[in-house]
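1. sequence? don't have it. structure:
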């Protein structure tokens with residue numbers, strides 16, 4: 001038997017696979033894509049049915065030579081790239097580089113890097129799936145056409161150096177529109193009325209829910225006057241238990257992870273960005289050295305929207321739960337999950353551990369802290385899917401005044417049986433209430449009234465932005481992380497201290513132009529339909545060239561028209577600031593990353609500064625001199641809501657005063673111009 005060359009994308013994957021194969025196999029890495037569209041030009045022959053012109057990556061000349069040399073020494077080649085469109089395209093590009101005829105190219109696929117999976121794949125090679133390749137090519141060509149045609153338009157009409165993208169621009173639009181909601185938000189005052197009740201030295205609170213038979217909603221008590229009137233009316237009142245409702249509920253485990261839910265949960269629980277999550281998951285999938293067992297692929301393929309779990313995994317999990325936790329923790333029957341996504345075809349299984357026996361505690365010394373955190377999350381979530389539900393006791397206690405028509409409600413919860421929560425903990429918390437009988441008197445220690453204000457919508461985090469993209473059908477599992485990383489890297493958005501996305505001034509301008517003049521490019525439904533059409537190409541139900549043509553020619557015609565119609569935005573603003581280098585007036589200019597002060601004598605004088613009170617300096621930090629002066633000026637300022645010291649902070653719209661007790665107290669104030677007293681924001 002002659003030797004076989006097996007080609008994968010990464011060295012880590014090659015190392016893991018190599019240990020399963022004998023001396024008749026040579027496993028090599030391509031280190032990702034080896035050829036692509038050129039960077040210096042569009043590389044698409046529009047007149048010739050959108051034929052792409054691919055070139056080899058010059059930086060990988062040595063890798064290409066090594067692969068060609070190994071191909072000559074071996075009798076056959078197996079392309080073992082990842083099991084998705086991108087992996088299929090890499091395999092196809094490799095076949096072209098190595099001059100392997102299409103009908104002779106052998107492709108192997110596997111969902112996990114384990115000995116059984118690899119040996120089974122080698123026994124069952126298939127041809128390269130050109131429908132998957134064409135779906136990837138169509139996406140790449142669409143994105144190239146939009147980027148190369150639309151970006152120069154933005155350079156000419158807005159600012160040089162801007163970029164536009166088919167999916168990235170939709171993501172930026174979502175962030176911009178959320179920011180507009182926040183800017184237009186008007187806080188509404190409301191007051192909570194709560195009683196502090198007590199029995200057998202156990203204190204608990206109950207919230208006012210009814211007055212004179214009418215329901216008290218969140219915004220019913222609008223001001224302090226109303227709250228004080230209720231408090232005064234309740235003075236000296238006696239209370240009794242009007243009603244008790246007790247019920248037992250089952251809390252079932254969540255499905256195993258898909259790409260989207262893993263990114264969202266890792267962001268919410270661990271604070272990982274989508275990009276960081278996918279990088280760590282790739283490492284766990286490709287293989288980690290765990291000591292005597294060598295390099296082991298610890299999880300299944302991490303780009304998937306399937307919820308399937310293999311029979312082998314389900315059997316091993318059942319055995320593990322019985323042995324380690326006991327029969328009572330096992331689900332009554334095997335729990336299967338069905339994906340809500342109509343296009344759940346990227347891979348065969350959900351994300352799960354490849355070996356149930358590799359519990360996080362057992363291999364923790366071989367993983368770095370972030371690998372361990374993510375692996376633990378994946379392992380626990382997958383095992384929990386086959387565990388018994390948690391049993392919760394929920395109590396609702398209605399407390400009424402004896403002589404007046406006021407009703408308060410206290411809610412309690414206790415865990416009767418932890419079930420799957422023993423493995424996969426959630427935010428479920430116990431709130432134990434004292435035992436009461438219906439009609440029993442209740443002692444009220446005091447009545448509390450508390451002022452609140454409605455809060456603006458929260459800005460998007462990695463998790464919530466991925467969730468909304470998925471809900472709209474924009475993008476697919478492999479695109480979420482790179483899309484979020486791109487819009488941040490290109491300066492349209494930044495992450496604030498709470499790791500949430502904020503757009504800059506340029507993002508507002510670009511999205512306004514795109515929405516007005518190129519609505520299809522940033523239309524949610526249109527972009528989602530395009531994703532569905534790409535799926536149809538992958539399924540062999542649609543040809544890729546007609547899809548490109550249907551989009552491109554109307555887009556191009558509109559673009560040429562807009563070059564004539566749209567005038568260049570006048571972004572420069574005059575100021576009284578004088579350049580300290582040449583004495584000429586400074587003007588406020590807008591660049592890719594927002595506003596800055598630039599000398600009007602440019603290009604002879606290239607002096608620039610941050611805009612006082614609004615923007616940040618060149619290192620991305622607030623103007624320290626200005627902040628220091630404001631700190632001194634407002635040194636004695638205290639929060640009128642909680643009495644804690646106030647501090648000067650710098651936000652998107654300049655300096656402001658914020659309570660240092662945040663997040664317990666969220667009070668903020670504007671810093672006024674001149675010497676006026678600070679006003680509530």
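-> Perfect, I can see it now. Keep in mind it's a predicted model, so treat the numbers as computed, not measured.

2. Excluding chain neighbours, what is closest to the residue lying farthest from the centre of the chain?
-> No residue in the chain sits farther from the centre than residue 403, which is 53.1 Å out by Cα atoms, centre = their mean. Distances taken as Cβ to Cβ, 6 or more residues apart in numbering place residue 237 nearest to residue 403, at 6.7 Å, with adjacent residues excluded. Every residue, glycine included, has its C-beta placed from N, CA and C.

3. which ones are touching that neighbour?
-> Counting by Cβ atoms under 8 Å, 6 or more residues apart in numbering, residue 237 touches 401-404, 406, 444.

4. what pLDDT, on average, does the longest helix seen in the chain get?
-> Longest helix in the chain, counting residues (DSSP state H): helix 130-157. The average pLDDT within helix 130-157 is 94.

5. hang on, the earlier thing: got a quick ChimeraX command for the buried subset of the contacts of residue 237?
-> In ChimeraX syntax, the buried subset of the contacts of residue 237 is picked out as below (16 or more other Cβ atoms under 10 Å):
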select :401,406,444
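
6. Sort out which of the contacts of residue 237 are in helices and list them.
-> Using DSSP H, none of those sit in helices.

7. Closest one to residue 178 out of the contacts of residue 237, please.
-> Each of the contacts of residue 237 was scored against residue 178 by Cβ to Cβ, and residue 406 proved nearest at 39.3 Å.

8. how close does the closest one sit to residue 433?
-> Separation of residue 406 from residue 433 (Cβ to Cβ, to the nearest Å): 19 Å.

9. Return the set of buried residues in the longest helix of the chain.
-> Residues of helix 130-157 classed as buried: 131-151, 153-154, 157 (neighbour count, 16+ other Cβ under 10 Å).

10. One more: stretch 84-99?
-> Residues 84-95, 97-98 are the ones in stretch 84-99 that count as buried (16+ other Cβ under 10 Å).

11. Out of those, the closest to residue 600 would be?
-> Residue 600 lies nearest to residue 86 out of the buried residues of stretch 84-99, by Cβ to Cβ, at 48.5 Å.

12. hmm, who's touching the helix or strand containing that closest one?
-> Assigned by DSSP states H and E, residue 86 belongs to helix 85-97. For helix 85-97, the external contacting residues (Cβ under 8 Å, 6+ apart) are 7, 9, 30, 32-35, 54, 56, 64, 67-68, 79, 81-82, 100, 102, 105, 107, 128-130, 132-133, 135-137, 139-140, 346, 478, 538.

13. and those residues, which are buried?
-> Listed as buried from the contacts of helix 85-97 are 7, 9, 30, 33-35, 54, 64, 67, 79, 81-82, 100, 105, 107, 128-129, 132-133, 135-137, 139-140, 346, 478, 538; burial here means 16+ other Cβ under 10 Å.

14. And what about residue 408, helix, strand or coil?
-> Assigned state for residue 408: strand (three-state reduction, DSSP: H, G, I helix; E, B strand; the rest coil).

15. Bridged to it, which residues?
-> Counting by DSSP bridges, residue 408 forms beta bridges with residue 208, residue 399.

16. ok, it touching residue 447?
-> No: when contacts are counted by Cβ atoms under 8 Å, residue 408 is not listed as touching residue 447 (9.7 Å).

17. Compare these two (neighbour count), which wins?
-> Shown here are residue 408 and residue 447; by other Cβ atoms under 10 Å, residue 408 has more neighbours (26 against 19).

18. And the more buried one, how close does it get to residue 258?
-> Per Cβ to Cβ, residue 408 is found 43 Å from residue 258.

19. about what we covered before: the longest helix of the chain packs against which elements?
-> Judged by 3 or more Cβ pairs under 8 Å, 6 or more residues apart in numbering; DSSP states H and E, helix 130-157 is in contact with strand 44-45, strand 51-52, helix 85-97, helix 505-517, helix 524-538, helix 544-565.

20. Of these, which stretch is the most buried?
-> Most buried of the helices and strands packed on helix 130-157, by mean neighbour count (mean count of other Cβ atoms under 10 Å): helix 85-97, with a mean of 22.

21. got the angle for that helix vs helix 130-157?
-> 100 degrees (axes from the mean of the first three to the mean of the last three Cα atoms, to 10 degrees).

22. Could you list the residues in contact with the helix or strand just after helix 85-97?
-> Scanning forward in sequence from helix 85-97 by DSSP H and E, the next helix or strand is strand 106-107. Here strand 106-107 makes contact (Cβ under 8 Å, 6+ apart) with 76-80, 88, 91, 125-129.

23. List phi and psi for the spatially closest residue to residue 448 that is not a sequence neighbour.
-> Once flanking residues are discounted, residue 448 sits nearest to residue 194: 4.9 Å by Cβ to Cβ, 6+ apart. As for residue 194, its main-chain torsions (degrees, to the nearest 10) stand at phi -130, psi 140.

24. show me the contacts for residue 194.
-> Residue 194 neighbours (Cβ under 8 Å, 6+ apart): 205-208, 408, 447-450.

25. Domain parsing of the chain, as residue ranges.
-> Recorded structural domains for the chain (assignment: automatic domain parsing) are 4-128, 138-185+461-565, 189-252+390-453, 259-384, 571-609, 611-681.

26. okay, how far is it across the longest one, tip to tip?
-> For domain 138-185+461-565, the first-to-last residue distance is 30 Å (Cα to Cα, to the nearest Å).

27. Repeat that for stretch 644-655.
-> This stretch, stretch 644-655, spans 19 Å end to end (Cα to Cα).

28. If you average the pLDDT over it, what comes out?
-> The average of the pLDDT scores along stretch 644-655 is 73.

29. Of all residues in this structure, which one is nearest the centre?
-> Centre of the chain computed as the mean C-alpha position; nearest residue by Cα atoms, centre = their mean is residue 462, 2.6 Å away.

30. per-residue pLDDT, that residue?
-> Residue 462 is assigned a pLDDT of 97 by the prediction.

31. Look at residue 605 and say how many residues are nearby.
-> Neighbourhood size, residue 605 [other Cβ under 10 Å]: 16.

32. so it makes contact with residue 585?
-> No: between residue 605 and residue 585 there is no contact under Cβ under 8 Å: 11.1 Å.

33. hey, what's in contact with both of these two?
-> The contact sets of residue 605 and residue 585 overlap at residue 579 (Cβ under 8 Å, 6+ apart).

34. how close does residue 641 sit to residue 451?
-> As judged by Cβ to Cβ, residue 641 and residue 451 stand 8 Å apart.

35. I misspoke; the intended subject was residue 301.
-> Using Cβ to Cβ, residue 301 is found at 52 Å from residue 451.
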